[in-house]
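Enquirer: Using only what follows, build the 3D model:
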Amino acid sequence: MTGRFVTEVLFESAAPWDHAWSEYTRDGQHFFWFEEVPSGGEQLRLMLDGTPGPTLDRLAGLSEEEGAPITFSPDGSRFAYVAERGDRFFVGADGEEGPEFEEVRIPLPTFSPDGRHLVYGARVDGKPRLILDGTPLAGESAGNVAFSPDGTRLAYSVVGTHDPSRESVVVDGVPGPEFDGIGADSLFFSPDGSHVVYAACNGAKWSLVVDGKPGPEFDAIRLTFDSEYLGVFPAVGYSPDGRRLGYHAQRGGKLFVVFDEEEGPPYDDVYPPNFSPDGEHLAYGVVRDGRAWVLLDGVPGPEFEAVGPIYRFSPDSQHFAYLAERAGRKRLRKTSACFAVLDGRAGPSFDAVDGVVHFSDDSRHIAFLANEGGQGFMVVDGARTEPSFDGQSSPIWGADGSRLAYVVSSGNKKSLLVVYGQIGPECDEIGGSPQFSPDGEHIAYVAEQAGVTRPFVDSEAGPAFDSVWGPAFSPDGRVIFFGAQGNTLLRVSMSF
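Expert: From the prediction side, this is the model:
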């Protein structure tokens, strides 16, 4: 025991711990890894909580450097993987092996949102099929699959029954109309689970299909928006209540947003539509003739040189914010000012702003990253905070909105965790992303310090290990880490 940390030995191995494919369930209940079988050549076996499983030839399709092909359920309590044995493939889930197939293929293993079901693609008797909980479904799979948010409904695309060159979508076991093609990764349910949506084409024209009914035809339906710095975001989406639908479409080289089946005006570019949590408001950014602005409920905001492609409503839907840039001149020199726009009003300007605006869960605060004079810092409610830093992570709000955390690096490349202005212990490196406890009162993370790796809870350091995994928050209110030291694997926990 170190401080309030409690340790328990889970497993003693025959050699020092060196298992690259080690993982844990996100509820902290299980730890598992894949290891070479002693005297088994290059064969592997799954070790679940120290108990060996059957041998397998390899984890399908990945090298040791790429890591194990592990899929977790949304709540992190279940896991699945694809493996080979001889010339057959199978999917293992929670330590139990599924049926063997000629091949496991797209879609790769996917859990339902409630974690009760597992679906994946496989080749059966030479035909691609969709496998649900180990049982092949009817129809020749065409690759798309989606669960409803509550996990009770399933939709998937199949090769056409009447014409194998065409495709259709099966919803609750019933095939829909056939099209020349179904857009890859375009199939999804509305948030309330009552509607099924996908993009489909006939000839060179595309339409968005809702519950089997095609909408107007366009040259293209843009399914995602790819931001160079922020990643990929959906360009098709429902309001949270499932009543309103917005998406990007293209015709004649111009882009526009289709909202509630009505086409908006054309632009040179449009950014992802974003609904407020209560479903009453829609915002999206547009670009025309080198100028950019945001439309909120169809009303244009002020024009800027650039607006951030991602906009944020507060959780209570009462506030709306985004980042923007305006050009100017200072002593005949071109300058630019970057700032956050909150409820239509521009805040203090900086040399640069980065990422997106982050609202606290109680909707009372906003935070974003900024830079001035080559120094980075966090801006909270319009005010610059200390310390300044060279590098930083995105901010993380605690559940009640009273605590804000982020990781920074100082000039000597040390990592520091800042929790609402309080600087934590200096570390060589902070691994992964720190996590607040469900009540927002504590923060847990893993860090390297003086050549050893330790778990941390708030500012309290746990015991030193060769490797540490975590954190995980268990249903009984503990924070859990797993640590390897020499030949020993231990569970490290702290109760709040």
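Enquirer: only C-alpha atoms for contact and neighbour calcs from this point on.
Expert: Noted.
Enquirer: okay, the closest residue to Asp125 other than its chain neighbours: pLDDT?
Expert: Nearest residue to Asp125, sequence neighbours excluded (CA to CA, 6 or more residues apart in numbering): Glu102, at 7.7 Å. As predicted, Glu102 sits at a pLDDT of 92.
Enquirer: same thing with Ser495?
Expert: 90.
Enquirer: contacting residues for it?
Expert: 4, 477-479 (CA atoms under 8 Å, 6 or more residues apart in numbering).
Enquirer: now with 7 Å?
Expert: Contact analysis of Ser495 by CA atoms under 7 Å, 6 or more residues apart in numbering lists 477-479.
Enquirer: are any of those residues buried, and which?
Expert: 478-479 (16 or more other CA atoms under 10 Å).
Enquirer: List the ones among the contacts of Ser495 that fall in strands.
Expert: Cross-referencing the contacts of Ser495 against strands under DSSP state E gives 478-479.
Enquirer: between the contacts of Ser495, which is closest to Ile366?
Expert: Val479 (27.5 Å; CA to CA).
Enquirer: Identify the residue spatially nearest to that closest one, adjacent ones excluded.
Expert: Phe473 (4.5 Å).
Enquirer: How many neighbouring residues does the one you found have?
Expert: Neighbourhood size, Phe473 [other CA atoms under 10 Å]: 23.
Enquirer: Hmm, Gln29 and it touching each other?
Expert: No. Contact criterion CA atoms under 7 Å: Phe473 and Gln29 do not qualify, at 9.5 Å.
Enquirer: Please identify the helix or strand for Tyr406.
Expert: strand 404-409 (DSSP states H and E).
Enquirer: In its sheet, which strands sit next to that strand, and in what direction?
Expert: Paired with strand 404-409 in the same sheet, following DSSP bridges, are strand 391-392 (antiparallel), strand 396-397 (antiparallel), strand 415-419 (antiparallel).
Enquirer: The first one: how far from the chain's middle?
Expert: Remark: strand 391-392 is offset 21 Å from the chain centroid, using CA atoms, centre = their mean, to the nearest Å.
Enquirer: So what touches it?
Expert: Here strand 391-392 makes contact (CA under 7 Å, 6+ apart) with 376, 407-409.
Enquirer: Farthest-apart pair in these, please.
Expert: Maximum distance among the contacts of strand 391-392 (CA to CA): 12.0 Å, for Gly376 and Val407.
Enquirer: any common contacting residues for these two?
Expert: By CA under 7 Å, 6+ apart, no residue touches both Gly376 and Val407.
Enquirer: how many neighbours does the residue nearest to Ala142 when sequence neighbours are not counted have?
Expert: Excluding its sequence neighbours, the residue lying closest to Ala142 (CA to CA, 6+ apart) is Val158, at 4.6 Å. Applying other CA under 10 Å, we find 27 residues neighbouring Val158.
Enquirer: Leu323 now?
Expert: 25.
Enquirer: same check, this time on Arg153
Expert: Arg153, neighbours per other CA under 10 Å, totals 16.
Enquirer: His162 too?
Expert: 9.
Enquirer: related to what we said a few turns ago, out of the contacts of strand 391-392, which is nearest to Asp439?
Expert: Once CA to CA is applied, the member of the contacts of strand 391-392 that ends up nearest Asp439 is Val407, at 20.4 Å.
Enquirer: what's the closest one in contact with, if anything?
Expert: With CA under 7 Å, 6+ apart, Val407 has these contacts: 392-393, 415-418.
Enquirer: Closest one of the residues you listed to Arg123?
Expert: Nearest member of the contacts of Val407 to Arg123, counting by CA to CA, is Ser393, at 42.6 Å.
Enquirer: Please name the residues that touch the closest one.
Expert: Contacts of Ser393 (CA under 7 Å, 6+ apart): 406-408.
Enquirer: Just the CA coordinates for stretch 162-179, please, in PDB.
Expert: Only the C-alpha atoms of stretch 162-179 are listed here, as PDB (Å, rounded to 0.1, in the frame of the first residue of the first chain):
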ATOM      1  CA  HIS A 162     -33.500  -9.300 -57.900                       C
ATOM      2  CA  ASP A 163     -30.400  -7.800 -59.400                       C
ATOM      3  CA  PRO A 164     -27.000  -8.700 -57.800                       C
ATOM      4  CA  SER A 165     -25.400  -5.600 -59.200                       C
ATOM      5  CA  ARG A 166     -27.700  -3.400 -57.000                       C
ATOM      6  CA  GLU A 167     -27.900  -3.000 -53.200                       C
ATOM      7  CA  SER A 168     -30.600  -2.600 -50.600                       C
ATOM      8  CA  VAL A 169     -30.900  -2.000 -46.800                       C
ATOM      9  CA  VAL A 170     -32.500  -4.500 -44.500                       C
ATOM     10  CA  VAL A 171     -34.200  -3.000 -41.500                       C
ATOM     11  CA  ASP A 172     -35.500  -5.300 -38.700                       C
ATOM     12  CA  GLY A 173     -35.200  -8.200 -41.200                       C
ATOM     13  CA  VAL A 174     -37.200  -6.500 -44.000                       C
ATOM     14  CA  PRO A 175     -35.300  -5.500 -47.300                       C
ATOM     15  CA  GLY A 176     -35.900  -2.000 -48.600                       C
ATOM     16  CA  PRO A 177     -35.800  -0.600 -52.100                       C
ATOM     17  CA  GLU A 178     -32.800  -1.500 -54.400                       C
ATOM     18  CA  PHE A 179     -30.300   1.100 -55.600                       C
END
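Enquirer: for it, which positions count as buried?
Expert: So, applying 16+ other CA under 10 Å, buried residues of stretch 162-179: 166-171, 175-176, 178-179.
Enquirer: which residues touch stretch 89-102?
Expert: Contacting residues not belonging to stretch 89-102 are listed as 48, 78-84, 88, 103-104, 122-124, 134 [CA under 7 Å, 6+ apart].
Enquirer: tell me the two of the residues you listed that are most distant?
Expert: The most distant members of the contacts of stretch 89-102, if one measures by CA to CA, are Leu48 and Val124, lying 29.2 Å apart.
Enquirer: Where does the prediction get shaky in the stretch 351-496 of the chain?
Expert: The model of the stretch 351-496 of the chain has pLDDT under 70 over residues 411-413.
Enquirer: try 90
Expert: In the predicted model, the stretch 351-496 of the chain carries pLDDT under 90 at residues 352-356, 371-378, 384-396, 398-433, 438-441, 449-451, 459, 474-477, 486-487, 496.
Enquirer: That one: helices as residue ranges?
Expert: Counting by DSSP state H, counting those that start in this stretch, the stretch 351-496 of the chain has no helices at all.
Enquirer: ok, now how distant is the residue nearest to Val479 from Arg26?
Expert: 7 Å (CA to CA, to the nearest Å).
Enquirer: Please apply the same query to Asn371.
Expert: 35 Å.
Enquirer: repeat for Pro266
Expert: Relative to Arg26, and taking CA to CA, Pro266 is found at 45 Å.
Enquirer: Looking at these two, which has the bigger crowd around it?
Expert: Neighbours were counted for Pro266 and for Arg26 using other CA under 10 Å; Arg26 has more, 22 against 19.
Enquirer: Pretty sure the more buried one sits against Ser77.
Expert: Yes. Using CA under 7 Å, Arg26 is in contact with Ser77, at 5.8 Å.
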